[in-house]
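**Student:** only geometry, no sequence info:
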């Protein structure tokens, strides 16, 4: 047998393990650490809401309606005498449930369709791009109101609206990244060795998409929370008796003069959550691409 030189195939980028390892870099950044701490605290509050909340968020007490913050009710009560702090805690559970469900649905749809467009035939790519552009062109608020008017307001409809409105963004990112990566040396070598398109997508393209997708998810979660809060504010999102920051903000706006604490306490977590996820996404992006971060300074 003749001696053949060993050919070392080009290695793919580090993938999932390295992308998650960048979280340690985020923790070293003061802004990133503070944002990550707030996000983890918010998740803990949402998970343990039944044990953390001091009162039943749906319990009505007409005699205690619109009480200011005090020892018995640390953030006061609303127009029905319900404890505002308890409703905020359960509202965090609603916001994260909608945000995570809608974002995961949009990410899954965009990831599958984006890889199919990049690795499929030309007509599949053209058809998927056409569908994606059509969904992207739909006005979000009008599209949401049409679906709600047809099927009625519910949590399932809200998640469907978020998934359909956010999926085109993930599709475009995945498709564009996959079109570039499919011409990389290690992908060409894998296909020359007989790897199927599914194996190429799962083993070579997907690990290299984790970093950009993590950043995009972190940036999109506050947008999803904003969509949920906005529709709930209009009465077309989460329905009573389930707690929602948007519903509380709407009720607080109605009684702004009599009880301003309701609107103030309902709007503050929306602002803080948006800032925390945005700063976390920016810090994570800088950790994944240090050269771009130095260029912006």
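**Tutor:** Sure, I can see it. Note that this is a predicted model, so its numbers are computed, not measured.
**Student:** name the nearest residue to residue 45, ignoring sequence neighbours.
**Tutor:** Nearest non-adjacent residue to residue 45, counting by Cβ to Cβ, 6 or more residues apart in numbering: residue 92, 5.2 Å away. Using the backbone N, CA and C atoms, a C-beta is placed for each residue, glycine as well.
**Student:** same for the strand or helix carrying the one you found, what does it pack against?
**Tutor:** Using DSSP states H and E, residue 92 maps to helix 84-119. If contacts are counted by 3 or more Cβ pairs under 8 Å, 6 or more residues apart in numbering; DSSP states H and E, helix 84-119 sits against helix 30-47, helix 49-52, helix 122-137, helix 155-181, helix 206-233, helix 245-254, helix 260-288.
**Student:** now those as JSON lines including mean pLDDT?
**Tutor:** As requested, these are exported to JSON lines (pLDDT from 0 to 100):
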{"stretch": "helix 30-47", "mean pLDDT": "93"}
{"stretch": "helix 49-52", "mean pLDDT": "95"}
{"stretch": "helix 122-137", "mean pLDDT": "90"}
{"stretch": "helix 155-181", "mean pLDDT": "90"}
{"stretch": "helix 206-233", "mean pLDDT": "88"}
{"stretch": "helix 245-254", "mean pLDDT": "92"}
{"stretch": "helix 260-288", "mean pLDDT": "91"}
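**Student:** next, the angle from the helix holding residue 92 to helix 245-254.
**Tutor:** Calculated by axes from the mean of the first three to the mean of the last three Cα atoms, to 10 degrees, helix 84-119 forms an angle of 130 degrees with helix 245-254.
**Student:** what about helix 84-119, distance to the chain center?
**Tutor:** Centroid separation for helix 84-119 versus its chain: 5 Å, with Cα atoms, centre = their mean, to the nearest Å.
**Student:** next: stretch 227-239.
**Tutor:** Distance, centroid of stretch 227-239 to centroid of chain: 17 Å (Cα atoms, centre = their mean).
**Student:** next, the buried residues of that stretch.
**Tutor:** 227-234, 236-238 (16 or more other Cβ atoms under 10 Å).
**Student:** I'd say residue 158 and residue 98 touch.
**Tutor:** Yes. Under the criterion of Cβ atoms under 8 Å, residue 158 is in contact with residue 98, at a separation of 6.1 Å.
**Student:** more neighbours, these two?
**Tutor:** Taking neighbours as other Cβ atoms under 10 Å, residue 158 and residue 98 compare with residue 158 leading, 27 against 24.
**Student:** now the more buried one, nearest residue through space, not along the chain?
**Tutor:** Residue 158 sits nearest to residue 237 (Cβ to Cβ, 6+ apart), 5.4 Å away.
**Student:** next: residue 285.
**Tutor:** Of all residues not flanking residue 285 in the chain, residue 215 sits nearest, at 4.6 Å (Cβ to Cβ, 6+ apart).
**Student:** residues contacting the most centrally placed residue in the chain?
**Tutor:** The geometric centre of the chain, computed from its C-alpha atoms, lies nearest to residue 221 (Cα atoms, centre = their mean), at 2.6 Å. Neighbour list for residue 221: 99-100, 103, 277 [criterion: Cβ atoms under 8 Å, 6 or more residues apart in numbering].
**Student:** now for the residues you listed, which pair is the farthest apart?
**Tutor:** Greatest spacing in the contacts of residue 221, by Cβ to Cβ: 100 and 277 (11.8 Å).
**Student:** near the residue nearest to residue 45, how many other residues are there?
**Tutor:** Applying other Cβ under 10 Å, we find 24 residues neighbouring residue 92.
**Student:** contacting residues for it?
**Tutor:** So residue 92 contacts 42, 45-46, 49, 245, 269 (Cβ under 8 Å, 6+ apart).
**Student:** what subset of those residues is buried?
**Tutor:** Judged by 16+ other Cβ under 10 Å, buried ones among these: 42, 45-46, 49, 245, 269.
**Student:** could the residues you listed be laid out in JSON lines, adding distance to residue 146?
**Tutor:** Listed next are the buried ones among the contacts of residue 92 as JSON lines, based on distance: Cβ to Cβ, whole Å:
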{"residue": "42", "distance to residue 146": "32"}
{"residue": "45", "distance to residue 146": "34"}
{"residue": "46", "distance to residue 146": "30"}
{"residue": "49", "distance to residue 146": "33"}
{"residue": "245", "distance to residue 146": "24"}
{"residue": "269", "distance to residue 146": "29"}
